[in-house]
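Trainee: the following comprises the amino acid sequence and a computationally predicted model.
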Amino acid sequence: GASAAAAGTTSVDGIPSGVALDEAPDVFLDPITLEVMREPVITSDGHTYERTAIEEWLEKHDTSPTTGEVLANKNVIPNHSLRSQIVEWKERQQQLFKQKQAAAKKKEEEERRRKSAAATDVPPSAAAKAQPSAESAAKIAATASSSGK
């Protein structure tokens, strides 16, 4: 899992807020920042880090942040395979987010229509009370016809 900072409260690399980045596979998370990597790179010991995080680390250290062992060199190489996997995952997260938004909007509209329909429908018991009795109806009819209407 990721840190609270990566829990999806803000837009990260095109992933809308509301998408739980804590559901990101651990391999997508930089071991230094615990955030989803944008530009993963591999160090000489084979571990992968976010480029900016490891470059900052290597300015002050000559060891691996993961193992503590001295690195053979401070060179980093892009991890294209992992970057492709992260990009695909982010795209899927965006699609899922849009689907969830559309489903929530549809549900809200259905609820609004249901409430609107319920407000205009008169329940059968109320309709029966609103109908005049046969005796009342006869009096109303008699009054209307005697006044020439």
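Mentor: The structure has been received and is ready for your questions. Numbering: from 1, shown residues only.

Trainee: every contact and neighbour count from this point should use C-alpha atoms.
Mentor: OK.

Trainee: please enumerate the helices of this protein.
Mentor: Defined through DSSP state H, the helices belonging to the chain, from first to last, are 51-60, 80-120, 124-130, 134-146.

Trainee: let me see the mean pLDDT of the third one.
Mentor: Averaged across helix 124-130, pLDDT comes to 58.

Trainee: now the last one
Mentor: For helix 134-146, the mean per-residue pLDDT is 69.

Trainee: sketch out the low-pLDDT regions of the protein for me.
Mentor: 1-22, 121-134, 136-138, 144-149 (pLDDT under 70).

Trainee: quick revisit: now for the helices of the chain, which one comes closest to Phe28?
Mentor: Shortest separation from Phe28 across the helices of the chain is recorded for helix 80-120, at 6.4 Å, computed as Cα to Cα.

Trainee: what is that closest one packed up against?
Mentor: Where contact means 3 or more Cα pairs under 8 Å, 6 or more residues apart in numbering; DSSP states H and E, helix 80-120 is packed against strand 40-42.

Trainee: quick check: buried residues in the strand it packs on?
Mentor: Buried residues in strand 40-42, counting neighbours by 16 or more other Cα atoms under 10 Å, are found at Pro40, Val41, Ile42.
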